[in-house]
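S.K.: Turn this into a model:
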Amino acid sequence: MNVSQPFSMSKFATIMVALEEAIEKVMNEARVLPMEEISLTEAQGLVLAEDVFSDLDMPPFRKAAVDGFACRREDLDKPLKVIETIAAGELPQKSIGVQECTRIMTGAMVPEGADCVVMIEHTIGEDEGTIRFIGDKTSDNIAQKGEDIRKGEKVLSAGTILEAQHIAVLASVGRFTPKVYRRPLVGIIATGNELVEPWEQPKAGQIRNSNAWQTIAQVKKTGAEYIYDGIVKDNPQALSEKINLFRQKVDVLLFSGGISMGEYDYVPQVMKDAGLSLIFKDIDIQPGRPTLFGILDHIAVFGLPGNPVSSFVQFELMVHPFIYTSMGKTFHAHIRHLPIGEDFYRTKANRRSLIPVRIENDWIFPVKYHGSAHINAYTFASGWIDIPKGKKELKKGEMIDVRLL
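M.R.: Alright, predicted model coming up:
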């Protein structure tokens, strides 16, 4: 079909759902992706898919917890002869006998016969090769073998989201390639004849493509990977070619724009022709009414609106939790219940609306907001509030939930 010959959307069935129903339908299709083994350098933020057990005691030997002298506690009131020096990583060559000690470094193996390590600052040198303890008392200052973890003990459970401390534990038990649930690969397609990339100077009638780059940032924040290779014009053949390319690679496909009821909004029909099983096409919410969701083969397909606020909000409401679930994570929206700090009034109340707000000193204040194209408003926002259909005003002090960004 030539782009100069628009087709009518009147034959494409509209399936509108409430926001909660849309989220439920999306999450009903979410599945945890298969496991893979991955290097520790790539594992941060992923979910462990197996229990992990220690292959050795930790510490694996009695080790000095301080720099000092390993000796017998019963000899602390006498001069002590220094019989050797042990650095970390070296093995003791001698056992500690009566009135003997070994100079020892933090982390080194404590020699046989010693039952404490006195800190170096609690000693003085006497005759050559002899020291004396000058403190009142001392702790053992010895980390005992296996006091942290015993060989065979479970150190991490399946379902753990791997952060730096977990990666340290994996490294300590030799699991350099743990099994995790893999990251989804998200294909991002921005559509629109009017779009140019950020590095281009728009001509008359053109605008810069902000949605794709916003979506890339949101996808990266979830921990998923992405593919994006440029703007697709409002042309059914070009869209079809891009879909066929991406459907061989991705787990999630995100469209930005081209899904409304305009003559050049080709995405729904092209997706239908490609075999999309449509689940819904519109949501009874503002912003974000023209939001599409369906399944193509094994791929979850989201058609996000062309206006950047609508795209941003619907991604956070539906795509973010879907991606989290596919990675084995549980998504939790962060909500605060706070009073509004000033009277709020809207002239139209025929739609349920999500309004950006900022939080100051535990009070909510609406930010200046001109509608779904005004993404700059969200640079000042802490989150948004949900105002029901039919409700025109909020009185100062009225309590309301804020969904935090």
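
S.K.: May I see the buried residues of the lowest-mean-pLDDT helix or strand in the chain?
M.R.: Least confident element among the helices and strands of the chain, by mean pLDDT, DSSP states H and E: helix 267-274 (a mean of 85). Residues Val267, Pro268, Gln269, Val270, Met271 are the ones in helix 267-274 that count as buried (16 or more other C-beta atoms under 10 Å). To be clear about C-beta, it is placed using only N, CA and C from the backbone, and glycine gets the same treatment.

S.K.: ok, the first one touching Val232?
M.R.: So the one you mean is Val267. No - between Val267 and Val232 there is no contact under C-beta atoms under 8 Å: 9.5 Å.

S.K.: Just the residues contacting whichever strand or helix holds Tyr226, thanks.
M.R.: Using DSSP states H and E, Tyr226 sits within strand 225-227. Residues from elsewhere that reach strand 225-227 (C-beta atoms under 8 Å, 6 or more residues apart in numbering): Arg183, Pro184, Leu185, Val186, Gly187, Ile188, Ile216, Val219, Lys220, Phe246, Lys249, Val250.

S.K.: what about 6 Å?
M.R.: Contact with strand 225-227 is made by Arg183, Leu185, Val186, Gly187, Ile188, Ile216, Val219, as judged by C-beta atoms under 6 Å, 6 or more residues apart in numbering.

S.K.: So for that strand, what gets flagged as buried?
M.R.: Under the neighbour-count criterion of 16+ other C-beta under 10 Å, strand 225-227 has Tyr226, Ile227 buried.

S.K.: Report the distance from it to the chain centre.
M.R.: 15 Å (C-alpha atoms, centre = their mean, to the nearest Å).

S.K.: For that strand, give the mean pLDDT please.
M.R.: On average, the pLDDT along strand 225-227 is 97.

S.K.: strand partners of it, parallel vs antiparallel please.
M.R.: Using DSSP bridges, the strands paired with strand 225-227 are strand 185-191 (parallel).

S.K.: After the strand it pairs with, which helix or strand is next? Please name it.
M.R.: Following strand 185-191 in sequence, per DSSP H and E, is strand 195-196.

S.K.: May I have stretch 34-45 as PDB, with CA atoms only?
M.R.: Provided in PDB are the C-alpha atoms of stretch 34-45 (Å, rounded to 0.1, in the frame of the first residue of the first chain):
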ATOM      1  CA  PRO A  34      14.400 -19.200  30.500                       C
ATOM      2  CA  MET A  35      17.500 -19.500  32.600                       C
ATOM      3  CA  GLU A  36      21.000 -18.900  31.400                       C
ATOM      4  CA  GLU A  37      24.500 -18.900  32.800                       C
ATOM      5  CA  ILE A  38      26.100 -15.500  32.900                       C
ATOM      6  CA  SER A  39      29.300 -14.000  34.000                       C
ATOM      7  CA  LEU A  40      29.400 -12.200  37.300                       C
ATOM      8  CA  THR A  41      30.300  -9.000  35.400                       C
ATOM      9  CA  GLU A  42      26.900  -9.100  33.700                       C
ATOM     10  CA  ALA A  43      24.800 -10.400  36.600                       C
ATOM     11  CA  GLN A  44      23.900  -7.300  38.600                       C
ATOM     12  CA  GLY A  45      20.200  -6.700  38.700                       C
END
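
S.K.: and that stretch, which residues are buried?
M.R.: In terms of neighbour count (16+ other C-beta under 10 Å), stretch 34-45 has its buried residues at Met35, Ile38, Leu40, Ala43.

S.K.: Farthest-apart pair in these, please.
M.R.: Greatest spacing in the buried residues of stretch 34-45, by C-beta to C-beta: Met35 and Leu40 (15.8 Å).

S.K.: need the strands for the stretch 51-200 of the chain, in chain order.
M.R.: Ranges of strands in the stretch 51-200 of the chain, per DSSP state E, counting those that start in this stretch, are 52-53, 63-64, 68-71, 80-86, 100-104, 116-119, 123-125, 130-133, 142-143, 154-156, 179-181, 185-191, 195-196.

S.K.: Leu80 contacts Cys101, doesn't it?
M.R.: Yes - assessed by C-beta atoms under 6 Å, Leu80 is found in contact with Cys101 at 4.1 Å.

S.K.: Touching both of these two, which residues are there?
M.R.: With C-beta under 6 Å, 6+ apart as the test, Leu80 and Cys101 both reach Cys71.
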